[in-house]
Structure formats: C-alpha cells, structure tokens
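S.K.: here you go, sequence then predicted model.
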Number of protein chains: 2
Amino acid sequence: MIPDIRIKMNEKLYLRNPEDNVLGRKIVSQGILLINKLGFEDFTFKKLALEIEATEATVYRYFENKHRLLVYLITWYWSFLAYKVMFKLNNIDNPEVKLKTIIHLLATEPEKGQYSDYIPEAAAYELVKHESSKAYLTRNVTKDNQNRLFKPYKDLSAKIAQIIKEFNPKYKYPNFLASTLLEMSHAQKFFMENLPSLTDSSSPNDKKLIQFLEDLVFKTIAK
Amino acid sequence: MIPDIRIKMNEKLYLRNPEDNVLGRKIVSQGILLINKLGFEDFTFKKLALEIEATEATVYRYFENKHRLLVYLITWYWSFLAYKVMFKLNNIDNPEVKLKTIIHLLATEPEKGQYSDYIPEAAAYELVKHESSKAYLTRNVTKDNQNRLFKPYKDLSAKIAQIIKEFNPKYKYPNFLASTLLEMSHAQKFFMENLPSLTDSSSPNDKKLIQFLEDLVFKTIAK
DNA sequence: TTTTTTGTGATAGTATTACTATTATTTGTT
DNA sequence: AACAAATAATAGTAATACTATCACAAAAAA
C-alpha cells in the first residue's frame, strides 16, 4: 500500500552510515529489538555485539554511544511517520479529513512483521512508546538540537500545526496543540498499558484514544 | 500563605527514612540540586556523597539506588502539588474556578528560595520538568506501580478528572484529559525552553501556556 | 551504669559499563 | 604483487553501581 522508501538520516547521528552494509543494518534492526527487550537503561553495546556476533568496538565504529543510536532510531520513526502522513494526505484537500487521518496514523499500532526500509516498524512504534522522551530529556538537548537531530520531529509537528491553521486560521496555539497531539498519542498508549487509571481505557484497542484525541482537537479548533 | 507541611512518603521508596535526621535530609535536598546540575544520567551516589561529605555506602543505606531517589523526589513534588491544590480549592465550589486554579498551579514556576518541608520547591519543579517521565519509563513500571510508588500522581490525576466530571458530567474522557493536562503543563515548559519551535511561545513567562491549557480544557469539556 | 543496638565512616572489593588504543587482518587499488 | 586503507579483534582503562567487612561513637534499652 505504502511503497518501500529509504529515509535519509542526519549524518551527525552516526560515525559510519549503518545503511551502507549488512553489519550496519543489523546493528540498527537488532538494536531496536534489544532496546525493547531490555529497556534503554539496561541495553549496552556489548550485549548488542554479542547478539549480532560482532565486537563491541565494531558497534562503536557506527555509533558514538547508545544515546546516539536511540536518537537515530526514534528519529527514523518520526521521519517514517512523516512520510506516511505525506503519502496518505496526498489528494486530500479537506483539513478536517487530513487531521483525522493523522490522528489515526499516530494512535494506531502498526502491524507486526511489517518491515519498512529494513527497520521493523512495529518495534519502532514500541520503542517510541517507551523511550522517545529520553531522546531529548538530556543535558545535550541544546547541542543535539543545534545539530538538527530533532528536525524530523519538529517538521512533523510544524506540518500538523499548519493543517490546524488551515482548518481554523484564527486558532492561536497550533504549535502547542500539534506537539500535544504528537506527545499524547504515544504517552497515553503507554499509560493505557501500564498505568491504566490515568486513562479511560485499558483495552488494547485504540478506539477510545483516537476518539479522545479527535474530540479534543476538533472541539479546540472549532470555528 | 500555604502553611508548612510534612508529606508522608511511601515506605517502599527508601531503606531508611531520610526525614529522620540531618544526613537523610541532606541527601534529599542536595540530591535534587545535584541531579538538576548534572542531569539524572550523570548523577551518581558517589558524587552526591562527596558533595555532602559522606560516603557512598551511607547514601546507599538510605536509598536502594538512584532511580528510587528520583521517584522519591518526583513523588514528593506531586504530593506537595496535590496538597497545594487541596489547600487552594478549599472553599471554592465552582468547578470552572477550580480547574483554572489547578492550571495556574501546574503551569506557574514556583518562586526560588521557597523551601517547603526542607525540599526546595523550585528545584523540584525543575526536576519534574526535566526528569519526571524517567520515573515511570522503565522496565519496572508494573512492579513500581504495584508498590504504589505512583499513587500520589494517579490520585492527583483522578482528582482533576473528578472536577472535570463535576463541570460536565457528560464528558467522556476525564481521565485522558486530566493526565494530558498534568503531562503537558510540564512537558510544554520544557519545550518552550529547549525546543521552542514545538510551541507558540519562547518567552520565559507562563501566560501563553496557561492560556493554551485553559482554552484546550474548557473548549473540550464545554457543555 | 552497663550492655546492646544502631548508624556512620573507612576501606576494600566486584562485576559491569562505557569507552579507547593497539595490533592484526582483510579488502581494494595501482 | 605491492601497498595503503578500511575493518575487525584484542586488550586495556576509568568510572559506575553496587556489596561486604570492620571499627567506633552515640543513643537506647536493660
């Protein structure tokens, strides 16, 4: 349905481009799975090296440290999502339909086994749910931001904000609302699964969350 | 204005109650400052011990590990905020006024030097802004949740949800909205300071954020 | 008052982490 | 075939995240 694509990643994210060879791609695809399995705190390059039958030093030749790998993976996900959004919004003019489409894309769990560009999408979604804020909640935010590491995320947010403005040019807080939508679609999923009393749904299906987000957005930006 | 209070902390959070003596209180009050200074990742018990002129082993006698200390500090903040909310809502009947009061409390930076219960409140606010989600984004969420470590946060969220229901009993997603409000009031502050393009304000004052949140909440729950 | 308990400091030790540096090997180019 | 360049394997280091032991002082209990 959505064609295979290759996402151009920021060169500052890696020391050696992992897309260039089998080993690099293995680092990325197994890295995502291992972080999901162990949690980012317990994940180490040594464990990853063991998994892919390489040495620790080899992994370090591709990524400066595990935080960079995390940012790489999270950023890949946002870029991929932005691509999906762009693709799905193609030929849609109505900003209301656009926003609903985006909300669905944000809050719908991708199907397992669906590989895109050698990275397993469902695993990336899982990663974002559990670790995404760790990409920017560091003492290096400013430097990382200057290196444009968060550009795909900010671009996606800006795109959503722009559609909000399209829907209602008089709405005053399109950027606040766009980033709220991005953050909450994933954070609330985490809550539903782990701290359900913070939500109005604990069932694994997405409907309630999508309904909440649609209700929130459209009441807020109503003309 | 708000009287000095002592917050009863969950006993599972510590090995030895830090409130009981000078050293324990020093661990907590200097701990919060040092985490803010270094960031949670670079913070260690050894560095803290050096700071307070104690040994590493001593710090370990109060807290099992640095994550527990983090949860202790974050939880203290939520408990303190819940107390402030309770205090300020006293004698207010109108749920609209209640919600506005809460939004103000959430999104207004506390004044520096304002100590409450030996913990510097402004430092706690700073900590929550930068590290709060790390308290629950771990592989131990479930176990920590079973140990009721997140109870103060969940109680505060539930209280807000209840007031939302008071305002409009027909609104379907009071819990989603309450936790969104809690999360966003702090996350958006972080964005304003570090990734301002995700927001509609980069000035250090709170007004725009408060306006956004009020607009969001009241349009969403309008009868 | 003596005994016991408790908390702290001092010291040491371990496994793991987060890297770096050096050396060996393979690969590509001329 | 010769040689540089890229890559991998090996080894090593400082720091982290603890745990353990022992001595001693102060507080609490007998």
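M.R.: On my side now, so go ahead. Numbering: from 1, shown residues only, chains lettered A, B, ... in the order given.
S.K.: list the buried residues in stretch A:87-94.
M.R.: For stretch A:87-94, the neighbour count (16 or more other C-beta atoms under 10 Å in any protein chain shown) marks A:88-89 as buried. Every C-beta, even on glycine, is put in place using the N, C-alpha and C of the backbone.
S.K.: next, the distance between the ends of that stretch.
M.R.: For stretch A:87-94, the first and last residues are 15 Å from each other (C-alpha to C-alpha, to the nearest Å).
S.K.: so what's the gap between that stretch and the chain middle?
M.R.: In this view, stretch A:87-94 has its centroid 21 Å away from the chain centroid, taken as C-alpha atoms, centre = their mean, to the nearest Å.
S.K.: contacts for it?
M.R.: For stretch A:87-94, contacts defined as C-beta atoms under 8 Å, 6 or more residues apart in numbering or on different chains pick out A:2, A:98, A:101-102, A:105.
S.K.: tabulate these (a markdown table), appending secondary structure and distance to DNA strand C.
M.R.: Output for the contacts of stretch A:87-94, formatted as a markdown table (DSSP: H, G, I helix; E, B strand; the rest coil; distance: C-beta to the nearest atom of the strand, whole Å):
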| residue | secondary structure | distance to DNA strand C |
| --- | --- | --- |
| A:Ile2 | coil | 34 |
| A:Lys98 | helix | 41 |
| A:Thr101 | helix | 39 |
| A:Ile102 | helix | 35 |
| A:Leu105 | helix | 33 |
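S.K.: just the buried subset of those, please.
M.R.: Listed as buried from the contacts of stretch A:87-94 are A:98, A:101-102, A:105; burial here means 16+ other C-beta under 10 Å.
S.K.: hmm, A:His67 is touching A:Thr138, no?
M.R.: Yes. Using C-beta atoms under 8 Å, A:His67 is in contact with A:Thr138, at 7.0 Å.
S.K.: related to what we said a few turns ago, tell me which two in the contacts of stretch A:87-94 are the farthest apart.
M.R.: In the contacts of stretch A:87-94, two members sit farther apart than any others by C-beta to C-beta. They are A:Ile2 and A:Lys98, at 16.7 Å.
S.K.: out of the contacts of stretch A:87-94, who's nearest DNA strand D?
M.R.: Closest to DNA strand D out of the contacts of stretch A:87-94 is A:Ile2 (31.4 Å), distances taken as C-beta to the nearest atom of the strand.
S.K.: and chain A, which of its residues are near DNA strand D?
M.R.: Remark: the part of chain A in contact with DNA strand D comprises A:16, A:21, A:23, A:54-58, A:61, using C-beta under 7 Å from any atom of the strand.
S.K.: want to throw those residues into JSON lines with pLDDT and secondary structure?
M.R.: JSON lines is the format used below for the residues of chain A next to DNA strand D (pLDDT from 0 to 100; DSSP: H, G, I helix; E, B strand; the rest coil):
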{"residue": "A:Arg16", "pLDDT": "90", "secondary structure": "coil"}
{"residue": "A:Asn21", "pLDDT": "85", "secondary structure": "coil"}
{"residue": "A:Leu23", "pLDDT": "88", "secondary structure": "helix"}
{"residue": "A:Ala54", "pLDDT": "88", "secondary structure": "coil"}
{"residue": "A:Thr55", "pLDDT": "87", "secondary structure": "coil"}
{"residue": "A:Glu56", "pLDDT": "90", "secondary structure": "helix"}
{"residue": "A:Ala57", "pLDDT": "89", "secondary structure": "helix"}
{"residue": "A:Thr58", "pLDDT": "90", "secondary structure": "helix"}
{"residue": "A:Arg61", "pLDDT": "91", "secondary structure": "helix"}
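S.K.: near DNA strand C, which of the residues you listed show up?
M.R.: By C-beta under 7 Å from any atom of the strand, the members of these lying near DNA strand C are A:56-57.
S.K.: closest one of the residues of chain A next to DNA strand D to chain B?
M.R.: Chain B has its nearest neighbour among the residues of chain A next to DNA strand D in A:Glu56, at 19.8 Å by C-beta to the nearest C-beta.
S.K.: A:Tyr14 against A:Asn65, yeah?
M.R.: No. A:Tyr14 lies out of contact with A:Asn65 (C-beta under 8 Å); the separation is 11.2 Å.
S.K.: compare those two and say which is more crowded by neighbours.
M.R.: A:Tyr14 (21 against 10; other C-beta atoms under 10 Å in any protein chain shown).
S.K.: gap between the more buried one and A:Ala54?
M.R.: When C-beta to C-beta, to the nearest Å is applied, the distance between A:Tyr14 and A:Ala54 equals 16 Å.
S.K.: check A:Asp42 too.
M.R.: Between A:Asp42 and A:Ala54 the computed distance is 19 Å (C-beta to C-beta).
S.K.: more neighbours: these two, which one.
M.R.: Neighbour totals were compared for A:Asp42 and A:Ala54, and A:Ala54 leads with 18 against 12 (other C-beta under 10 Å).
S.K.: the closest residue to the more buried one other than its chain neighbours: how many residues sit nearby?
M.R.: Nearest in space to A:Ala54, with sequence neighbours left out and distances taken as C-beta to C-beta, 6 or more residues apart in numbering or on different chains, is A:Leu23 at 6.3 Å. Neighbouring residues of A:Leu23 were enumerated by other C-beta under 10 Å; the total is 17.
S.K.: got the contact list for A:Leu23?
M.R.: A:52, A:54, A:58, A:62.
S.K.: check contacts around the second one.
M.R.: Taking C-beta under 8 Å, 6+ apart as the contact definition, A:Ala54 lies against A:23, A:26-27.
S.K.: my read: A:Lys223 touches A:Asn168, true?
M.R.: Yes. Applying C-beta under 8 Å, one finds A:Lys223 in contact with A:Asn168, separated by 5.1 Å.
S.K.: what is the neighbour count of A:Gln211?
M.R.: There are 17 residues near A:Gln211, going by other C-beta under 10 Å.
S.K.: equivalent analysis for A:Phe43, please.
M.R.: 19.
S.K.: ok, A:Glu51 next?
M.R.: The number of residues packed around A:Glu51, counting by other C-beta under 10 Å, is 15.
S.K.: over to A:Leu33?
M.R.: 15.
S.K.: now do A:Pro18
M.R.: Around A:Pro18 sit 23 other residues, with neighbours defined as other C-beta under 10 Å.
S.K.: measure the closest residue in space to it that isn't next to it in sequence to DNA strand C for me?
M.R.: For A:Pro18, ignoring the flanking residues on the chain, the nearest one in space by C-beta to C-beta, 6+ apart is A:Gly24 at 3.1 Å. Between A:Gly24 and DNA strand C the distance, using C-beta to the nearest atom of the strand, to the nearest Å, works out to 15 Å.
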